[in-house]
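Asker: could you look at this predicted model? Sequence included:
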Amino acid sequence: MLGKLTRWLRMLGHDVEYSRSLEDEELIERAKAEQRILLTRDRGLYQRAMTVGLAAFLVEGSTEAKRLAELARRFNISLELDVAVSRCPKCNSRIRTVSKEDVLNSIPAATATYYDEFWRCPGCGQVYWQGSHWKRIEETLKDAEESLQRL
């Protein structure tokens with residue numbers, strides 16, 4: 001339900017676990033054992049989590065920007081992306097700055113021509129750069145900030 005939101009929170013530097021395969025009770029037990037806040041769009045799961053004293057939050061926003069704004073308001077989360085603290089959206093490891101030379105064999109030739117800053121995930125090996133998608137990322141975060149001001 002919240003896979004995209006998971007990736008956004010990781011990019012913002014938050015340690016976020018996500019599973020599509022666990023049953024509700026397993027999610028509650030895992031969150032309790034790892035002292036995590038359970039984020040969900042499932043009202044029943046939210047109520048069960050609250051009943052057992054687990055920190056939980058019912059995410060209701062209709063867009064990623066609105067969901068991010070809700071979390072920013074409730075948990076005082078910064079909506080500014082700082083790659084120095086970002087985590088891999090795929091596997092949750094902290095990404096690290098790498099030189100262009102270190103990633104030349106892992107990126108398209110055109111990318112090497114146009115970009116000089118790169119990050120690599122030590123967990124899954126994914127390479128990141130501020131490509132054409134960066135504008136959409138900034139727009140979503142700007143929309144989230146504007147939504148936060150209206151909450």
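Answerer: Yep, it's here. Numbering: from 1, shown residues only.
Asker: how far does the host helix or strand of residue 111 sit from the chain's center?
Answerer: For residue 111, the host element (DSSP states H and E) is helix 109-114. Here helix 109-114 is found 27 Å from its chain centre; the criterion is CA atoms, centre = their mean, to the nearest Å.
Asker: how about that helix: buried residues?
Answerer: Of the residues in helix 109-114, those scored as buried under the neighbour-count criterion (16 or more other CB atoms under 10 Å) are 111, 112. Every C-beta, even on glycine, is put in place using the N, C-alpha and C of the backbone.
Asker: that helix packs against which elements?
Answerer: With contacts defined as 3 or more CB pairs under 8 Å, 6 or more residues apart in numbering; DSSP states H and E, helix 109-114 has no packing partner among the helices and strands.
Asker: the helices in this structure, which residues?
Answerer: With DSSP state H as the criterion, the chain has helices at 3-11, 24-33, 43-51, 64-75, 100-103, 109-114, 134-150.
Asker: what helices and strands are in contact with the fourth one?
Answerer: In terms of contact count using 3+ CB pairs under 8 Å, 6+ apart, helix 64-75 is assigned the packing partners helix 3-11, strand 56-58, helix 134-150.
Asker: give me the distance from the first one to the chain's centre.
Answerer: Taking the mean C-alpha point of helix 3-11 and that of its whole chain, the gap between them comes to 2 Å (CA atoms, centre = their mean).
Asker: can I get that helix as PDB, trimmed to CA atoms?
Answerer: Taking Å, rounded to 0.1, in the frame of the first residue of the first chain, the C-alpha atoms of helix 3-11 are listed here in PDB:
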ATOM      1  CA  GLY A   3       5.600   1.300  -1.300                       C
ATOM      2  CA  LYS A   4       6.100   4.700  -3.000                       C
ATOM      3  CA  LEU A   5       6.000   6.400   0.400                       C
ATOM      4  CA  THR A   6       8.600   4.000   1.700                       C
ATOM      5  CA  ARG A   7      10.900   5.100  -1.200                       C
ATOM      6  CA  TRP A   8      10.300   8.800  -0.500                       C
ATOM      7  CA  LEU A   9      11.000   8.400   3.200                       C
ATOM      8  CA  ARG A  10      14.200   6.500   2.500                       C
ATOM      9  CA  MET A  11      15.400   9.200   0.100                       C
END
